[in-house]
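[1] Got a predicted structure plus its sequence, pasted below:
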Amino acid sequence: MHHFHYVQGELYCEQVPVAEVARRVGTPFYLYSHATLSRHFHAFDEAFAGFPHLICFAVKANSNLALLRLFASLGAGADIVSGGELYRALKAGVDPAKIVYSGVGKKPGEIREALRAGILMFNIESSQELQAISRLARRLGTTARVSLRINPDIDPKTHPYISTGLKKNKFGINLEQALRDYRRAKALPGIEVVGVACHIGSQITELAPFLEAVQRLRELIGRLGEMGLSIRYLDLGGGLGITYQDELPPHPREYGAALVQELAGLPVTLILEPGRVLVGNAGILVTRVLYTKYSDARHFIIVDAGMNDLARPSLYGSYHAVWPVVEADRPEVTASVVGPICESGDFLAKDRVLPGFQPGELLAVMSAGAYGFSMSSNYNSRPRVAEILVKDDEFYVIRKRETYRQLIWGERIPAFLKGDA
Ligand code: LLP
């Protein structure tokens, strides 16, 4: 459920006409709905009302400060994977005591920053990382709270690039190794074992893989108890899918109810790291048609947003619905929506039945709130686009469009090259 809808043939975000935003800020831009974001957070949070829990928004899905602040104000923490995400989360006012730090490649500097900030816990992904965190914590005269991220070897049945809990993936520690590492962690200085964690993948549309993961972690918690380790947090990661096209993922209510049932009687706080399910359908990418052309019976709609702005279609072959911003009566065409980037993989939609869009028209690329802007780049020296947040009948620029000056920020021509120009 989201707040993008048509009023007399014109697309609105809440009470703001999308075309009006385009007129004021230019295109392309990401547009987010405050009501949708809040609603998604509440729905997710309420789904776990019967169980002690903490929702740590996965910052990588959408890292804009305004969104991080919004979720923090609703009680969320953050799941971070880098020093940069820690910096953003703290700047946005996220309580460090609600921050969990995941990721296979934490650098010493990043670990120190997180220790100094006093985050809730590190989700450790290798035996060597455990040693490194122990050493760094000891040197800072502090203690790191840790979980081990378990690789439970579960097939989440999603795109291979976003499956993370299979044996062959680089993520987590297998169960047998984890038992050895937990035993070691128990004795390590600077380390306090507080949890177990896993994250099996993203855009998962079935409950079974999640339930299987809980069963494995529950068993592990039992065995750790026998070793004298009492586990306070069970972090199940993120991964709940959304509808892009015709997927039918479980509603957060069903997801919550099923997990809570599976966890009944376990004296832990459940941590969840949702990203996509909170922001995916709360954002769109608005772009303008530049040209259309036929070549060898193929129809192209060339727009001013490209794969650098929204990488998902090129990277994963992902489907994003394309809606007209102003509806009109016209024949349908089978066309690809492509960007200005010099690569054949630069498309936002491929061979779709679409309205016969004309140059100058605005298109909305739907479900672009997650892994949209956060994965965008400056490829082809394209300034990154603006981000706009709508609340009721107002809109706010929450990130300005980048300038050419920003494109070359930090670049220097060394003196030996300067003479000739
Ligand atoms: N926790 C951890 C440790 C993660 O690695 C991720 C996502 C999440 C939570 C959040 O997962 P979510 O609830 O959003 O599924 N770029 C890809 C998705 C990559 C997901 C990476 N990890 C895409 O555009 O589909």
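    Perfect, I can see it now.
[2] what's the burial count for Val353?
    Residues near Val353, counting by other Cβ atoms under 10 Å, number 8. C-beta here means a position set from N, CA and C on the backbone, and glycine is covered the same way.
[3] Would you mind naming what in the stretch 301-421 of the chain lies close to the ligand?
    Taking Cβ under 6 Å from any ligand atom as the criterion, the stretch 301-421 of the chain approaches the ligand at residues 312, 316, 370-371, 375.
[4] Among those residues, which lie within strands?
    In this view, these have no member that belongs to strands under DSSP state E.
[5] What average pLDDT does stretch 113-127 get?
    Throughout stretch 113-127, pLDDT has a mean value of 97.
[6] just how off-centre is that stretch within its chain?
    In terms of Cα atoms, centre = their mean, to the nearest Å, the centre of stretch 113-127 is found 20 Å from the chain centre.
[7] Tell me which helix or strand the residue lying closest to Ala66 once chain neighbours are set aside sits in.
    If the residues on either side of it in the chain are set aside, Ala66 comes closest to Ile398, at 4.0 Å by Cβ to Cβ, 6 or more residues apart in numbering. Using DSSP states H and E, Ile398 sits within strand 394-399.
[8] residues making contact with that strand?
    13, 16, 21, 24-25, 31-32, 64-67, 373, 386-390 (Cβ atoms under 8 Å, 6 or more residues apart in numbering).
[9] mind running it again at 6 Å?
    For strand 394-399, contacts defined as Cβ atoms under 6 Å, 6 or more residues apart in numbering pick out 16, 21, 64, 66, 387-389.
[10] For the next helix or strand after that strand, what is the distance to the chain centroid?
    Next along the chain after strand 394-399, taking DSSP H and E as the criterion, comes helix 404-407. Computed by Cα atoms, centre = their mean, the chain-centroid distance of helix 404-407 equals 26 Å.
[11] avg pLDDT for whichever helix or strand comes after helix 404-407?
    Following helix 404-407 in sequence order, the next helix or strand is helix 415-418 (DSSP H and E). Regarding helix 415-418, the rounded mean pLDDT is 92.
[12] likewise stretch 312-331?
    Averaged across stretch 312-331, pLDDT comes to 96.
[13] First-to-last residue distance for it?
    28 Å (Cα to Cα, to the nearest Å).
[14] Going by neighbour count, which residues in that stretch are buried?
    Neighbour counts over stretch 312-331 (16 or more other Cβ atoms under 10 Å) mark 312-314, 318-325 as buried.
[15] Including secondary structure, could these go into CSV?
    Listed next are these as CSV, based on DSSP: H, G, I helix; E, B strand; the rest coil:
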residue, secondary structure
Arg312, helix
Pro313, helix
Ser314, helix
Ser318, coil
Tyr319, coil
His320, coil
Ala321, coil
Val322, strand
Trp323, strand
Pro324, strand
Val325, coil
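[16] Just give me the closest of these to Asp79.
    Arg312 (19.9 Å; Cβ to Cβ).
[17] quick one: the helices in the protein?
    18-25, 34-46, 65-73, 83-91, 108-117, 127-139, 175-187, 208-226, 252-263, 276-279, 312-316, 404-407, 415-418 (DSSP state H).
[18] so which of these is the most packed in?
    Counting by mean count of other Cβ atoms under 10 Å, helix 276-279 has the highest mean neighbour count of those, with a mean of 28.
[19] and that one, is it in reach of the ligand?
    Yes. Judged by Cβ under 6 Å from any ligand atom, helix 276-279 comes into contact with the ligand through 276-277.
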